[in-house]
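Colleague: mind looking at a prediction? Sequence and model below.
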Amino acid sequence: MYRPAAFRQDDLAALHQEIAACGLATVVSQGSAGLQASHLPLLLAPEEGEFGTLYGHFARANPHWQALTGENQTLVICNGPDAYVTPAWYAGKAEHGKVVPTWNYIAVHAHGRAEVFDEPERLLQLVSRLSERHEAGRARPWSVSDAPREYIDSMLRAIVGFALPIQRLEGQWKLSQNRSAADRASVHEGLQASAADRDRALAARMGTTHSAGE
């Protein structure tokens, strides 16, 4: 990832928090069939390894999992909120006019070599933990144990799990840190006033997130 110093994020806790908040990650691998990408919900075990370990599963019918041999690198991309930034928001536009559009965003890249597994009990533990994570906070959370065990067993035979010990972790918080204080304030105001949910979500992060270079 290209990371100018103003936007670079290296704080492990902040990177882990962003990964944990990511609903759907993009998993990219290079194998004998070429470059492959799948969109998967993942589970982070921050205590496992230097940078944590990611867990997820593929449909067994998805050939992507066969590229996770342990020899090839796998890249996981977790995207946070993003938004278009119009030059009209910059205070500098009225002063000198030397402004252009850009895009603000938050992203994390995790690199490592994955191992696959299909032991039923290990898969059951994984899907149970994933379900618990995403059902948390609901009035009547669904549990894997709510379904008949024979049905769950048939579903487990249809998936392949993987573990990705993270070897390298990169973050980029591009939140107008390279602009003047006046420009940053006007961008924050413009995003906050937007009708688009993602714009307001990024505005909230601009107001609460501090990264290296700010």
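Modeller: Done, it's in.
Colleague: contacts and neighbour counts: CA atoms only from here.
Modeller: OK.
Colleague: name the single longest strand found in the protein.
Modeller: strand 159-174 (DSSP state E).
Colleague: how about that one: buried residues?
Modeller: Within strand 159-174, the residues that qualify as buried are 159-166, 169-174, counting by 16 or more other C-alpha atoms under 10 Å.
Colleague: next structured bit after it?
Modeller: Towards the C-terminus, the helix or strand next in line after strand 159-174, according to DSSP states H and E, is helix 181-192.
Colleague: for that next one, packing partners?
Modeller: Where contact means 3 or more C-alpha pairs under 8 Å, 6 or more residues apart in numbering; DSSP states H and E, helix 181-192 is packed against helix 197-208.
Colleague: quick one: average pLDDT of the helix it packs on?
Modeller: Averaged across helix 197-208, pLDDT comes to 91.
Colleague: contacting residues around it?
Modeller: Outside helix 197-208, the residues within contact range by C-alpha atoms under 8 Å, 6 or more residues apart in numbering are 81, 82, 83, 84, 105, 175, 188, 189, 191, 192, 193, 194.
Colleague: quick one: distance of that helix to the chain centre.
Modeller: Using C-alpha atoms, centre = their mean, to the nearest Å, the mean C-alpha position of helix 197-208 is found 16 Å from that of the whole chain.
Colleague: now it: buried residues?
Modeller: Of the residues in helix 197-208, those buried under the neighbour-count criterion (16+ other C-alpha under 10 Å) are 198, 199, 200, 201, 202, 203, 205, 206.
Colleague: okay, and for this structure, where does confidence drop off?
Modeller: Low-confidence segments of the chain, defined by pLDDT under 70, are located at 94, 208-214.
Colleague: name the helix or strand for the most centrally placed residue in it, please.
Modeller: Most central in the chain under C-alpha atoms, centre = their mean is residue 78, positioned 1.8 Å from the mean C-alpha point. Following DSSP H and E, the helix or strand that holds residue 78 is strand 74-85.
Colleague: please apply the same query to residue 17.
Modeller: Here residue 17 sits within helix 12-21, counting by DSSP H and E.
Colleague: and the angle for that helix with strand 159-174?
Modeller: 130 degrees (axes from the mean of the first three to the mean of the last three C-alpha atoms, to 10 degrees).
Colleague: count of neighbours near residue 149?
Modeller: Residues near residue 149, counting by other C-alpha atoms under 10 Å, number 11.
Colleague: how far away is it from residue 155?
Modeller: Residue 149 sits 10 Å away from residue 155, taking C-alpha to C-alpha, to the nearest Å as the criterion.
Colleague: again with residue 133
Modeller: According to C-alpha to C-alpha, residue 133 and residue 155 sit 19 Å apart.
Colleague: okay, now the sheet partners of the helix or strand containing residue 36, with direction.
Modeller: Take DSSP H and E as the rule and residue 36 turns out to sit in strand 34-40. Its sheet considered, strand 34-40 pairs with strand 25-31 (antiparallel) by DSSP bridges.
Colleague: got a list of contacts for the partner strand?
Modeller: If you take C-alpha under 8 Å, 6+ apart as the criterion, strand 25-31 is touched by 35-42, 64, 66-68, 72-79.
Colleague: the helix or strand hosting residue 151 - contacts with which helices or strands?
Modeller: Under the assignment given by DSSP H and E, the secondary-structure element containing residue 151 is helix 149-156. Applying 3+ C-alpha pairs under 8 Å, 6+ apart, we find helix 149-156 packed against helix 120-135.
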